[in-house]
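**Q** quick one: sequence and predicted model below, then my questions.
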Amino acid sequence: MTACAVEAVGSPEFAEPAESAGCAEFTVSADGAYAARLALMGGSGDAWFPERWTLDGPEPYAVPLPLDQPEEPDTQVLPLADGRVLVRRRVADRHDLCLLYPAGPGTGQLPVGTVTCPELTLLPPSPDGRCAYALAVGARSTTVWLVAGGTFGPEWVAEVPGRCTGGVWLDRTGRILALDRETDGVVKGVAVDLARGGEVTPLLQITEESNDRLLLADPDSGLLLIRSDAPGHDRLGWGVLGSRRPVRFPECLRPADLTVTPFAVQPGQMLTPESCAVALRIDGAAGSWVGVWRPAGRRLHQRPAPRGWLAGAGLWTREGVLRLPYATDAVAYGVAYGVAPLDAPVDEQAESRTEARARTEAPASGDCPNRDEVTESPQAKSADREPSGAPRTPVMCRPVPLQQAPLTGRGVPG
């Protein structure tokens, strides 16, 4: 049985591609036990309310958490490991925060506090499951706030120079946060140490002028999923945290006329990033469906998604089972299960011969559909051969090491 075209709770119909679920973002807690989203109330087209899903039982189930008034569409929800749901609401020039939880037939509400700023965005769930953080972007700097799990309501944690977006956790303790920082019109991934007052370390710098963003990271294996325009245009690539190995931009991850976005990485593959299964959302003119890819397999498997898939949502188990949430008129909440497909063994010798022949013939990158495309970074030069200047368009088909990253003592081979 292959990825995503599988048996599922509630026996959903499968469409290829999946129909749009027409719902807000679906956020899964750090431990995978709970999830939360905004859902539409009954047959109403504009009455939103928080909904909490329980995912760690024998069957998934959802609990509505409505209050006296419906939520605004821009309200954010985030599940904690204890089952409560953090809610961020905009009220005039401030952002109110509260925790919701089931209370008998109704909804309990615990006010957390208020942050006054123009924009406040909740970050992905902290790995510790207890805390929650948010970004407040200013004109010249970005503030990291602890908005749940503190002692006295929202707490200032750090101020990072530059305008930051994104947010990916690099460890299992909730200490090292990766952000995409814009400086002088260029975006680079940086690592922020929240335990040291927001100390910033460069994380991604493929070329001086490239925009390098971190999309996903797996702390167990060190696998990083990156989007960069270093190859000349936006490409999806991968690297390893703390490794000297190059960032690679696989050809299979840029299918024609489709957009590919990773949303989940298989956990628990200690120090073996090449074997991690990655789930990807594939968007095309006909809709959205699911892709599965491993760095070692070098092949993008495309599979239909369950009808009503909450597109871009899902999580892996350590055993390699992909869980995709869906909701339809017939099934209010369900999870489809799929096993990651096996990849055919890669003939390394044949690939080496192909690459050697490609270097001799020097073809265009588009003529090498089965090879990973990599680019050269100025810092890849040896000390006695400093580059006179990085070209605006990077040279194709050469390795690009990751810039020095934190956690280099983790022992990742490479």
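**A** On my side now, so go ahead.
**Q** all strands of the stretch 1-150 of the chain, in order?
**A** 14-15, 27-28, 34-40, 48-54, 61-64, 76-79, 85-91, 94-103, 106-116, 121-122, 132-137, 141-148 (DSSP state E, counting those that start in this stretch).
**Q** out of those, deepest packed?
**A** strand 76-79 (a mean of 26; mean count of other C-beta atoms under 10 Å). Bear in mind the C-beta positions are built from the backbone N, C-alpha and C, glycine included.
**Q** can you give the contact residues for that strand?
**A** 24-25, 27-29, 34-38, 50, 52, 85-88, 121-122, 125, 132 (C-beta atoms under 8 Å, 6 or more residues apart in numbering).
**Q** and it, which strands flank it?
**A** Within its sheet, strand 76-79 is paired with strand 85-91 (antiparallel), according to DSSP bridges.
**Q** quick one: average pLDDT of the partner strand?
**A** For strand 85-91, the mean pLDDT works out to 97.
**Q** just the angle for it relative to strand 94-103, thanks.
**A** Interaxial angle, strand 85-91 versus strand 94-103 (axes from the mean of the first three to the mean of the last three C-alpha atoms, to 10 degrees): 150 degrees.
**Q** please write out the alpha-carbon positions of strand 85-91 in PDB.
**A** The C-alpha trace of strand 85-91 is given here as PDB (Å, rounded to 0.1, in the frame of the first residue of the first chain):
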ATOM      1  CA  VAL A  85      -5.900  25.900  22.700                       C
ATOM      2  CA  LEU A  86      -4.200  29.300  22.600                       C
ATOM      3  CA  VAL A  87      -6.200  32.000  20.800                       C
ATOM      4  CA  ARG A  88      -4.800  35.300  19.500                       C
ATOM      5  CA  ARG A  89      -7.400  37.900  18.500                       C
ATOM      6  CA  ARG A  90      -6.800  41.400  17.100                       C
ATOM      7  CA  VAL A  91      -8.800  44.100  19.000                       C
END
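**Q** L214 contacts W169, doesn't it?
**A** No: between L214 and W169 there is no contact under C-beta atoms under 8 Å: 10.6 Å.
**Q** ok, G185 to N211 distance?
**A** In this view, G185 and N211 are 9 Å apart by C-beta to C-beta, to the nearest Å.
**Q** between those two, point out the one with more neighbours.
**A** Using other C-beta atoms under 10 Å as the criterion, G185 and N211 rank with N211 on top: 19 against 7.
**Q** leaving aside the residues adjacent along the chain, what's closest to the more buried one?
**A** Spatial nearest neighbour of N211, chain neighbours left out: V187 (4.3 Å); criterion: C-beta to C-beta, 6 or more residues apart in numbering.
**Q** for that neighbour, which residues make a bridge with it?
**A** Beta-bridge pairing for V187 (DSSP bridges): E182.
**Q** with the one 4 residues further on instead?
**A** A191 has the following beta-bridge partners by DSSP bridges: A178, T201.
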